[in-house]
Structures are given as C-alpha cells and as structure tokens.
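J.: Below are the sequence and a predicted model for it; my questions follow.
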Amino acid sequence: MFMKLVIRRRRTPEGNIKFNINDNTVYADVDDGVDVQDVKKCIKDNLKWFTDRIHESKPTEALECDSRLAQFFSGKKTFICGELLDVLPYSDKKSALLDNVLYINEKKFADKTERIAEIKRFILRLAREFLSKEISSVGTRMALCPSKIVIKALKQDQWLLCGNNTNPTVCIDYRAIQLPSHLRRYIIVHSFAHFYESVHNYRFWQIVRQYTSDYTKCLNDLANFSYIKEI
Ligand SMILES: [Zn+2]
C-alpha cells in the first residue's frame, strides 16, 4: 500500500488523533504532545480502514484513534517520573505502583471521573513523599534550607511559586513528580535560586545555570509537558 502521511499539529480533543484521507494522502491531526511513533502505531492498528479507503478518490469520513496522550487524558495511562505507565484495575483498595504499572481499585477504575480522581490522589501522595526528598537533596547541594516545603496544585501555567529571600519557601506543583528528572531538578533549582534573587535577573539565571545542565532546554521541554497539568 502506498500512501503519503502528513502530520498536522493542532489542538485535538483529549489528545486524539484524527485521520482523513484525500488523494492517497493520509492527514493526521495531532496534538503537540503526540509523537510520530504514536501516529504510526495507530495506522498499523487500523490498517484495514486505511487500505479500504486509500484508493478511493472521494473524501472519506475521519477516523479517530486513542493516542497514548488520549489514554493519559482518560486515565488509562499516567506519567510518573517522565515514564508513561499503564493504569490497570485490581481488587485491593489502596492504589499501588508495581512493576511500572499503577494499579487502582477496580470500582474506582470503572468510572472515568473516579479513576482520574484516584490517580491524582496517588500522584499527590507520591509527590509529597518523593519530591520533598528531592527538594532537600538539591537544597543540600546548594547549601540552602527552606523554611517550608509546600507541594500542592498550582495554577495551569505554574510549576512553582517564585519566592524571595525574605520568605525561603519552596512551593511546587505536585504534578512535578510526573516529569523527567532533569525537569524536576530545574523546577527545584529555580525555587532555591529565588532565595538569592527575587526577580529573574542575570544573576538569578547564573545561579540556575550553575545547578542545572541546560536550563533553556529545560524550559522548552517543560512547555512540551504542559498538558500534564490539564488533567
Ligand atoms: Zn521564578
């Protein structure tokens, strides 16, 4: 089967991939967070739909696929420390992370709203346990000690609350635990750098640079993970 694949980046509801075929060209409308391998996998999984339509000249109805991102938005997958893990039901009441799978109670799993709420509760517990340790560890490296650590839900565009030297508090969004390690580190270092400088001036970024590998890359990577906060 010969076909040309054109990927169009646009906002799609809940990360779905929407396929249209025209003149032997497959147009895939995908969200920014969906990668090309995901698109190819959806084509492979629905190959018959494509082969049935590829030689028809008239436009056909669209095909919508659940991308991994869509599964994330429906609570069938979740990010933990940058890895996209399966969420599966089991009979125990308490949610648990076992062999890179998040298991949640089958009754909560059965309903999408309940399922997502339980995933969020689990992520918050995980964040309060592990992010606090990471914050302390980065603080030790920077020879800084916060007066208070707050891990909670922040606004959509915030991963942390920028502090100042009179109020040495580290306040980070709990969903930071879902990010890869270099981004968690950047967020923590950014928080601590405000203990020296209240504003984002040259000296502030110099401090950040001293403790993170490449902060401009971190800022770009962080933008690619912004949908984590939409759930
Ligand atoms: Zn800041």
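T.: Perfect, I can see it now.
J.: buried residues in stretch 72-91?
T.: The neighbour-count check on stretch 72-91 (16 or more other CB atoms under 10 Å) flags 72-80, 85, 87 as buried. In short, each C-beta sits where N, CA and C put it, glycine included.
J.: Between all of the residues you listed, which two are separated the most?
T.: Using CB to CB, the buried residues of stretch 72-91 span at most 16.9 Å, a distance reached by 74 and 80.
J.: which residues of the chain fall in helices?
T.: For the chain, the helices defined by DSSP state H cover 36-45, 47-53, 68-73, 106-110, 112-141, 181-193, 202-211, 215-224.
J.: Let me have the ones you listed in TSV, adding distance to residue 164 as columns.
T.: Shown next, in TSV, are these (distance: least, CB to CB, whole Å):
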stretch	distance to residue 164
helix 36-45	42
helix 47-53	56
helix 68-73	35
helix 106-110	41
helix 112-141	16
helix 181-193	11
helix 202-211	11
helix 215-224	20
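J.: quick one, which of those helices is nearest to residue 11?
T.: Minimum separation from residue 11 across those (CB to CB) falls at helix 68-73, 11.6 Å.
J.: For that closest one, what is the distance to the chain centroid?
T.: 10 Å (CA atoms, centre = their mean, to the nearest Å).
J.: which residues touch that helix?
T.: Contacts with helix 68-73, where a contact means CB atoms under 8 Å, 6 or more residues apart in numbering, come from 14-17, 31, 33-34, 38, 77-79, 84, 227, 230-231.
J.: swap in stretch 156-172?
T.: 131, 135, 139, 144-152, 154, 173, 176, 187-188, 190-192, 194-198, 200, 222, 226, 229-230.
J.: List the buried residues of that stretch.
T.: Residues 159-161, 163, 168, 170-172 are the ones in stretch 156-172 that count as buried (16+ other CB under 10 Å).
J.: And stretch 113-126, by the same measure?
T.: Using 16+ other CB under 10 Å as the test for burial, stretch 113-126 gives 115-116, 118-120, 122-124, 126.
J.: who are the neighbours of the lengthiest strand in the chain, in terms of helices and strands?
T.: Longest strand of the chain, by residue count under DSSP state E: strand 83-90. For strand 83-90, the contact count by 3 or more CB pairs under 8 Å, 6 or more residues apart in numbering; DSSP states H and E identifies strand 77-80, strand 101-105, helix 106-110 as packing neighbours.
J.: Format the ones you listed as a markdown table; extra columns: distance to residue 5 and mean pLDDT.
T.: Listed next are the helices and strands packed on strand 83-90 as a markdown table, based on distance: least, CB to CB, whole Å; pLDDT from 0 to 100:
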| stretch | distance to residue 5 | mean pLDDT |
| --- | --- | --- |
| strand 77-80 | 24 | 95 |
| strand 101-105 | 32 | 96 |
| helix 106-110 | 34 | 95 |
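J.: Take these and write them to a markdown table, including distance to residue 23.
T.: Converted to a markdown table, the helices and strands packed on strand 83-90 look like this (distance: least, CB to CB, whole Å):
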| stretch | distance to residue 23 |
| --- | --- |
| strand 77-80 | 34 |
| strand 101-105 | 43 |
| helix 106-110 | 43 |
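J.: of those, which approaches residue 182 most closely?
T.: For residue 182, the closest of the helices and strands packed on strand 83-90 is strand 77-80, at 14.4 Å, according to CB to CB.
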